[in-house]
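[1] okay, here's the prediction I keep looking at, along with the sequence it came from:
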Amino acid sequence: MANVQIQLCGLIFDLLLIFFVLRHESVGLYSEKIFKQCVLVYSSCIVLDILSCIAIINDEKIPGFLVLLSCKAYLVSLALSAYYGFLYTYNDVKRLRENYSFQIGTFVVAIIGIIFICILPINYLYDGKDILYSYGYSAMMTYIVTILYIGSSIVITFVYAKQMNPHRRNAVRAWMLIETVMAAIQFIFPELLVVGFGSALGMYILYSELENPEVYLDRVTGCFSEETFKKYVEQEYEQKKPFSVIFVCNEKEWKVGDETEKRILVEMSEFLNSFAYSKLFRIANHDFALVYDKNEKEMNEIESAVNLDVIRQRFAISWPELSRSKFLYVPDGHITSSVEEARMGYTRNRDLFEQGEDMRILDESSVNQIREFNSMVVEIGKALEEDRVQVYYQPIYSIETGKFVSAEALARMVGTDGKLIMPMKFIPVAEETGLIEKIGERVFEKTCKCIKQNDLRNKGIDYVEINLSVTQCENSLLSTKFQEIISNHSVSPDEINLEITESSTLRSKKVLLKNMNELMRYGCSFSLDDFGTGESNLNYIVDMPVKLVKFDRSMVQEYFKNEKAKLVMSATVKMIKELGLKIVAEGIETEEQVNEIKNLEIDYIQGYYYSKPLSESDFIKFIDAHNM
């Protein structure tokens, strides 16, 4: 019969899906499990449809109650198919997935519908040739339940569109559209049994778009991908399952060919994938995460801790020079409360490993630091939105003129409680997250506004020094942005001095030099900040077209304490002066220090002896009082 043949085609589709799904390792995501259940329910529906057709055709040879039972079983499976489709759809919406009242209510409606399908009367028709179908109140109730859940699934994809994976949303709509069309065809032409075949087509769409196991895999190594790691760990948090993680952090740059790199990554993956009770994820270019998920938390921790030592030994032996691997061990995954926190724990510890240190354990203290970090990220974002980033100015004294001829603009941030948040709390966070660029631009704009509104040049302030972060220096659009801001505020470019800090992390000195040259042609000047710390040296002064060198506070203070430091600093001052550059000494705090530093041929003095950083209004009062 044509109807049975159509259903057999649908069954073959489903059997092929089952084969492809089962041949790959399962990551264990909830949507993955529901999809498998959907495939089984839909396959059962087709099988029961075929069996009911066979029973109706042979009703004279089979007891009547068995024929009715087979028809009712098919209708029940049809209603269940619609319910599982609805279940699969709302699972993608966290708000509905965690609403137990909603889940219970929709399940109860399905049960009530199934009960009515079972108790209501049913009839069937077979003309001895091609026309064969069941009808009656039971069949009508099946259509009602099916339409209810298909309609609800479609509504969810529109009401919660922004909360759903767009691929899943579109795939579900296509699936439900096919279901609706097939159900309408079968309702109008009951002799055409096409609902089962339509369901199989819907399953195939879901598989090809979303549930193909290969979409969870990393193409190079064959282990699970970074995106799958996020989904999996999020599910662990939701279901409150105990788990632990070993993060394997390799160097970001490998100086080997592409083929060699792939071969080594595959070797690492095969080794890490050999550990039982774990799932392996490739979470970055060369990094892996080994997640242990067991029913007993204590066993889980013991297993992962023992394996960590084995992994460290193997990496030290097999890939010592290439990988220089470091390991972050998270004994209890629930020490963090979200995927974002877990990810931040990995990212921050990966970047903060000390020289020679090859392992860290993510403990409660580390997590508290992460939470403080995240809290500060939010605070900085809000402060930028609400214009709570302020500029304070520290006056700079000229030894030659005996007046305050410049000032350094310093970023300050006002908390929601109205109190100042000191730079050491928010600047490192801003630098690590890239928010420092927005803060720097805000400080620059407010400084230009201050220069113009207060006519600082007529008050004796020749220029204001503004710090540039490494991130700003690496932005190829820095010069264009700053020239635009200067022009908008009608400020003379020579009233702006930009401070750069030498940094070994600067990715592109070419970009910095390009920005410097463009801004210098425009009229701005540059100074080298924090000289005497970190990487700063005389070579950097030679390389960079700066006019001013600022001695760091720590260097200056050492000058007053240490005879060797005094000799070094005296010689350095002499060399810098011979290069034709001016010098600022930072961190001067006492009158004795002022008198001693004047003998060094230093040009400018900055420090608490003269003034701490002041708000704009207090700075103007200070300059008015001291420069008259």
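    Received, thanks.

[2] I'd say residue 280 and residue 273 touch.
    Yes - in this structure, residue 280 sits in contact with residue 273. The criterion is CB atoms under 8 Å, and the distance is 4.8 Å. Bear in mind the C-beta positions are built from the backbone N, C-alpha and C, glycine included.

[3] and those two? which has more neighbours close in?
    It is residue 280, of residue 280 and residue 273, that has more neighbours when counted by other CB atoms under 10 Å, with 25 against 17.

[4] now do the same contact list for that one.
    Residues touching residue 280, when contacts are defined by CB atoms under 8 Å, 6 or more residues apart in numbering, comprise 223-224, 269, 272-273, 288-291.

[5] endpoints of stretch 264-278, how far apart?
    The first and final residues of stretch 264-278 sit 21 Å from each other (CA to CA, to the nearest Å).

[6] stretch 396-405 too?
    Criterion CA to CA; first-to-last residue distance in stretch 396-405 is 6 Å.

[7] buried residues of that stretch, list them for me.
    Residues of stretch 396-405 classed as buried by neighbour count (16 or more other CB atoms under 10 Å): 396-398, 404-405.

[8] now stretch 27-34
    Within stretch 27-34, judged by 16+ other CB under 10 Å, the buried ones are 27, 29, 31-32, 34.

[9] in helices only, show me those residues.
    Secondary structure assignment by DSSP state H places 31-32, 34 of those in helices.

[10] of those residues, which is the nearest to residue 409?
    For these, the minimum distance to residue 409 (CB to CB) is 52.3 Å, reached by residue 31.

[11] what's the separation between the residue lying closest to residue 587 once chain neighbours are set aside and residue 529?
    Counting by CB to CB, 6 or more residues apart in numbering, residue 553 is the residue found nearest to residue 587 once chain neighbours are left out, at 2.7 Å. Using CB to CB, to the nearest Å, one obtains 11 Å as the distance from residue 553 to residue 529.

[12] do the same with residue 583
    Using CB to CB, one obtains 12 Å as the distance from residue 583 to residue 529.

[13] where along the stretch 201-350 of the chain do the helices fall?
    Remark: helices of the stretch 201-350 of the chain, listed N- to C-terminal, are 226-239, 258-272, 297-318, 320-323, 339-352; assignment by DSSP state H, counting those that start in this stretch.

[14] swap in the stretch 451-600 of the chain?
    Along the stretch 451-600 of the chain, the segments classed as helices by DSSP H, counting those that start in this stretch run 470-473, 478-488, 509-522, 538-543, 553-561, 563-578, 591-598.

[15] from the contacts of residue 280, which two are the most distant?
    Based on CB to CB, the longest span within the contacts of residue 280 runs between 269 and 291 and measures 14.2 Å.

[16] compare neighbour counts for the two and give me the winner.
    Between residue 269 and residue 291, counted using other CB under 10 Å, residue 291 has the larger neighbour count: 23 against 18.

[17] test for you: state the pLDDT assigned to that one.
    The predicted local distance difference test score for residue 291 is 90.

[18] run the chain-centre distance for stretch 592-610.
    Using CA atoms, centre = their mean, to the nearest Å, the mean C-alpha position of stretch 592-610 is found 48 Å from that of the whole chain.

[19] now do stretch 215-232
    Relative to its chain's centre, stretch 215-232 lies at 16 Å (CA atoms, centre = their mean).

[20] which residues touch it?
    Under the criterion CB under 8 Å, 6+ apart, external residues in contact with stretch 215-232 comprise 24, 27-29, 262, 265-266, 268-269, 272-273, 279-284, 288-289, 291, 339, 343.

[21] quick one: mean pLDDT over it.
    When the per-residue pLDDT values of stretch 215-232 are averaged, the result is 85.

[22] can you pull the buried residues of that stretch?
    The neighbour-count criterion (16+ other CB under 10 Å) identifies 216-218, 221-225, 228-232 as the buried residues of stretch 215-232.

[23] kindly report the same for stretch 407-418.
    By neighbour count, and taking 16+ other CB under 10 Å as the criterion, the buried residues in stretch 407-418 are 407-413.

[24] possible to save the residues you listed as CSV with pLDDT, distance to residue 176 and secondary structure?
    What follows is the buried residues of stretch 407-418, written out as CSV (pLDDT from 0 to 100; distance: CB to CB, whole Å; DSSP: H, G, I helix; E, B strand; the rest coil):
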residue, pLDDT, distance to residue 176, secondary structure
407, 96, 66, strand
408, 96, 64, strand
409, 96, 59, strand
410, 95, 59, strand
411, 95, 53, strand
412, 94, 56, strand
413, 94, 50, strand
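
[25] tell me the one of those residues nearest residue 184?
    So of the buried residues of stretch 407-418, ranked by how close each gets to residue 184 (CB to CB), first place is residue 413, at 61.5 Å.

[26] I'd guessed residue 72 sits against residue 118; true?
    Yes - with contacts counted by CB under 8 Å, residue 72 reaches residue 118, the gap being 5.9 Å.

[27] tell me which of the two has more neighbours.
    Neighbours per residue (other CB under 10 Å) separate residue 72 from residue 118, with residue 72 holding more: 22 against 15.

[28] am I right that the more buried one is in a strand?
    No - with DSSP: H, G, I helix; E, B strand; the rest coil as the criterion, residue 72 is located in helix rather than a strand.

[29] contacting residues around it?
    Counting by CB under 8 Å, 6+ apart, residue 72 touches 117-118, 122, 138.

[30] repeat that with 6 Å
    residue 118 (CB atoms under 6 Å, 6 or more residues apart in numbering).

[31] buried set for the helix or strand that contains residue 621?
    Following DSSP states H and E, one finds residue 621 within helix 616-626. Of the residues in helix 616-626, 616, 619-620, 622-623, 626 count as buried by neighbour count, 16+ other CB under 10 Å.

[32] next: stretch 257-267.
    Within stretch 257-267, the residues that qualify as buried by neighbour count (16+ other CB under 10 Å) are 261, 264-265.

[33] what do you get for stretch 566-579?
    If you call a residue buried by 16+ other CB under 10 Å, then stretch 566-579 has these buried ones: 569, 572-573, 576-577.

[34] save those as a markdown table, and put in pLDDT too.
    Shown next, in a markdown table, are the buried residues of stretch 566-579 (pLDDT from 0 to 100):
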| residue | pLDDT |
| --- | --- |
| 569 | 88 |
| 572 | 88 |
| 573 | 90 |
| 576 | 89 |
| 577 | 89 |
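
[35] now the end-to-end length of stretch 496-509.
    Between the opening and closing residues of stretch 496-509 there is a gap of 21 Å (CA to CA).
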